[in-house]
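In: structure, please.
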Amino acid sequence: MLQSYLPVLVFAGLGIVVGGAFALLNGVTGASRPNPIKKQPYECGLPSHITRTFRFGVSFYMIAMLFILFDIEVVFLYPVGVIMKLAHSVFVLVEVIVFVLLLLVALVYVWRKGALNWR
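Out: Numbering: from 1, shown residues only. Coordinates of the predicted model:
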């Protein structure tokens with residue numbers, strides 16, 4: 001029973017040893033030029049001290065929501081692709097074409113509205 005866990009223990013031990021060795025080598029040989037600015041937290045380009053009046057841009061959130069929207073709609077196409085061979089029907093193909101055309105119309109709409117422009 002214990003022999004079945006031996007490869008897992010070997011890989012875990014090897015990972016700890018190699019990771020520790022690299023961290024130790026980095027600490028010993030790595031360049032260290034401390035700076036007060038380098039020690040401040042970095043929040044993806046946003047200032048680390050946000051006041052109550054700071055306003056976030058909505059461009060990132062709009063693009064993220066549109067990505068999720070179109071991503072979920074593409075996920076709906078996967079089951080149709082799986083059953084397409086079994087369906088033997090033109091009706092399924094027409095439904096998929098209409099669905100993709102609606103996606104294209106939605107994409108053109110948000111593109112013309114400027115939701116994909118990064119300001």
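
In: could you use CA atoms for every contact and neighbour count after this?
Out: Fine.

In: find the least confident helix or strand in the chain, judged by mean pLDDT.
Out: When each helix and strand of the chain is scored by mean pLDDT, DSSP states H and E, helix 59-87 comes last, with a mean of 81.

In: and that one, how far out from the chain middle?
Out: Helix 59-87 has its average C-alpha position 15 Å from the chain's average C-alpha position, going by C-alpha atoms, centre = their mean, to the nearest Å.

In: helices or strands up against it?
Out: Judged by 3 or more C-alpha pairs under 8 Å, 6 or more residues apart in numbering; DSSP states H and E, helix 59-87 is in contact with helix 90-113.

In: so which elements touch the helix it packs on?
Out: Contact partners of helix 90-113 among helices and strands, from 3+ C-alpha pairs under 8 Å, 6+ apart: helix 59-87.

In: buried ones in the helix it packs on?
Out: Across helix 59-87, burial judged by 16 or more other C-alpha atoms under 10 Å covers 63, 80.

In: now M84: how far from V96?
Out: 10 Å (C-alpha to C-alpha, to the nearest Å).

In: give me the mean pLDDT for stretch 93-113.
Out: For stretch 93-113, the mean per-residue pLDDT is 88.

In: buried stuff in that stretch?
Out: Of the residues in stretch 93-113, those with enough neighbours to count as buried (16+ other C-alpha under 10 Å) are 96, 99, 107.
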